[in-house]
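Undergrad: okay, predicted coordinates and the sequence, questions at the end:
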Amino acid sequence: MHTHLAVEKRNLINSLKNRLIYEQLLNKVSLITLEDSDIDDCINKSLQVLGETLLVSRAYLLEPYQETNINNNFVWVSPGIVHEKNNLHDMSECFTPWLLNQVENNKIICFSDIEDIPDEITKKIILNQRIKSLFIIPLFVKNIYYGCLGFDVWGNYREWLEVDVNFLQSIARILCSAIANDMAKKSMNFERIQYCTMFDNINAGIYVSDIENYKILYANKFIKDIYGREPIGELCYKVLHNKDYPCIFCTNQIIKETKDKPYIWEHYNTFVNKYFEITNKIIRWRDGRDVRFEYMCEMSKYKQVQTELLMEKEAIKSLEAKLKKTNEKLQILSQSTITALSELLEQKDSYTASHQTNVANLSCAIAKEMKLPEEQIKGIKVAALLHDIGKIAIPLDILNKPRNLTDNEFNLIKEHVQNGFEVIKTLEFSWPIAKIILQHHERMNGSGYPNGLRNNEILIEAKILAVADTIDAMSSHRPYRPARGLGEAMAEVLKHSNVLYDSEVVKACLSVLMKENKKNKVITQEIFQYASNHSEINKINKNIVCYNI
């Protein structure tokens, strides 16, 4: 169950990340197309953003009037990729009859592995370009072809997911809109007949009106079709908005004040129930007067995508809230399990009652003194509470034996770390709890057990646990010996600092014990006495080596 929830959580997080990346990508490309008046710069900047975000080798835009050639102004190549002009020129060979047929039928060309291309001629040509994965979107708006937006990956393979296809289609529509808008602006430099012919073939509304009396002087076919009438000579607010008076949002006054600059704005037309991106500008009419030129690019689908994205974001927020509650429940369940296991061991072995709790408290204090991250300290606490769980499998008469253990009995007790590892490894934790338990009797010089690990082979959490375990074991009563003082326990770890125990952990432990026992002058004096004379510790007539089995 825990594994299933973890997988769902990872999948949701990955989905959220992908959607966030593409949403940001949509915004970036939209801003570029809105802010950059030069279409070449707009396309090149968009290709760079797309290429860097998608982590492809090359991004390019094929012009609609040159399907089989790449314009060098419209190619972005990833840094580190050898960019040879001939190689790019040879890309034209890839547009075989089969590939052109896909483009002309407005089909997305998507191959994570070029080997999957059914046409052998096309496959061979593309492989000669060192391309491993390919993605091409034909740029169509209402059956009008604006070119191809393409991406390829060299040297390795790229999996194109459904989310890639959906969002790249949205981005393609944005670029289509930008290209169409630029075509409209450039078309104003042609003669009147060329204006009319071209405007009638543009999939956007264009009309010209008198600024003073609002009469429409020219309208293209799009305007005639969408409003279902011949508008020339009629009032613009009557034809376009079905109003009997000038619109309160009319931009005539604005474009009078910004005569040399176009004014771009968005508008939802309630009469035809459509969103438009509108460009207004004053131009000189053929009789010499200043008139209003309007270019209306429909963006209803783009707005629909934005609305859907907002709805998906709200849905994601709801799922995140549910996940948070589920995680809280899992944390409560995990804590209950940890507490139950810890109490189960303490009920079996009365001599180690509160030992695991004491070790947990001291381990966390040492970790805080070492300024370890809070999340890592949480893992140390869990491992400490469970570090002796393997002793459940040890016979009680051996655990509570009042005399020295035989070699066989000691070897049996040493198995508790492996037993604990086997018990805990199947539980789902965010930290390496099972490994910490397995290593908490390993020592810096390799003399520990069960695997004789050394130095950096041992987890820092296990090093901390080893010191805390030794301190509490020595300062607590055991069946085979009376309790030692904190001073003598501290002397033990100081004596073997950087030999059995990590020196940084020992230093932090000494600091913690001195701070915690500051008010208890007897204990403080004892700790200070042993700590300050630890270089003379060999004079102590006792063999202190295994107090924390």
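TA: The structure has been received and is ready for your questions. Numbering: from 1, shown residues only.

Undergrad: quick one: contacts of stretch 197-213?
TA: With contact meaning Cβ atoms under 8 Å, 6 or more residues apart in numbering, stretch 197-213 is reached by 141-142, 144, 180-181, 183-184, 187, 190, 215-223, 226, 231, 236, 240, 252, 255-256, 276, 282-283, 285, 289-298. For every residue, glycine as well, the C-beta is placed using N, CA and C.

Undergrad: repeat the analysis, applying 6 Å as the threshold.
TA: 141-142, 144, 180, 187, 216-223, 236, 252, 291-297 (Cβ atoms under 6 Å, 6 or more residues apart in numbering).

Undergrad: and the end-to-end length of it?
TA: End-to-end distance for stretch 197-213, by Cα to Cα, to the nearest Å: 26 Å.

Undergrad: do stretch 114-134 as well
TA: Span of stretch 114-134 from end to end, Cα to Cα: 7 Å.

Undergrad: and the contacts of stretch 197-213, which are buried?
TA: 141, 180, 187, 216-220, 222-223, 236, 252, 291-297 (16 or more other Cβ atoms under 10 Å).

Undergrad: among the residues you listed, which are in strands?
TA: 141, 216-219, 291-297 (DSSP state E).

Undergrad: now the residues you listed in a markdown table, with distance to residue 15?
TA: Shown next, in a markdown table, are those (distance: Cβ to Cβ, whole Å):
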| residue | distance to residue 15 |
| --- | --- |
| 141 | 29 |
| 216 | 49 |
| 217 | 52 |
| 218 | 49 |
| 219 | 46 |
| 291 | 51 |
| 292 | 47 |
| 293 | 45 |
| 294 | 41 |
| 295 | 38 |
| 296 | 36 |
| 297 | 32 |
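
Undergrad: out of the residues you listed, which one has the weakest pLDDT?
TA: The member of these with the lowest pLDDT is residue 141, at 71.

Undergrad: give the contact list for that one.
TA: 176, 203.

Undergrad: switch the cut-off to 7 Å
TA: Taking Cβ atoms under 7 Å, 6 or more residues apart in numbering, we find residue 141 in contact with 176, 180, 203.

Undergrad: just give me the least confident of those.
TA: Per-residue pLDDT puts residue 180 lowest of those, at 78.

Undergrad: and the contacts of stretch 303-322?
TA: 12, 16, 19, 23, 170, 275.

Undergrad: if we go to 10 Å?
TA: 8, 12-13, 15-16, 19-20, 22-23, 26-27, 30, 166-167, 169-170, 173-174, 266, 268, 274-277, 299 (Cβ atoms under 10 Å, 6 or more residues apart in numbering).

Undergrad: buried residues, stretch 101-121. List them.
TA: Across stretch 101-121, burial judged by 16+ other Cβ under 10 Å covers 102-103, 109-112, 114, 117.

Undergrad: state the distance from residue 250 to residue 224.
TA: 22 Å (Cβ to Cβ, to the nearest Å).

Undergrad: next: residue 316.
TA: 43 Å.

Undergrad: ditto for residue 302
TA: Residue 302 is 24 Å from residue 224, by Cβ to Cβ.

Undergrad: buried subset of the contacts of stretch 303-322?
TA: Counted by 16+ other Cβ under 10 Å, the contacts of stretch 303-322 give 16, 19, 22-23, 26, 30, 167, 170, 173-174, 274-277, 299 as buried.

Undergrad: quick check: of those, which lies closest to residue 364?
TA: residue 16 (32.6 Å; Cβ to Cβ).

Undergrad: report pLDDT for the closest one.
TA: Reported pLDDT for residue 16: 75.

Undergrad: wait, is it part of a helix?
TA: Yes - according to DSSP: H, G, I helix; E, B strand; the rest coil, the state of residue 16 is that of a helix.
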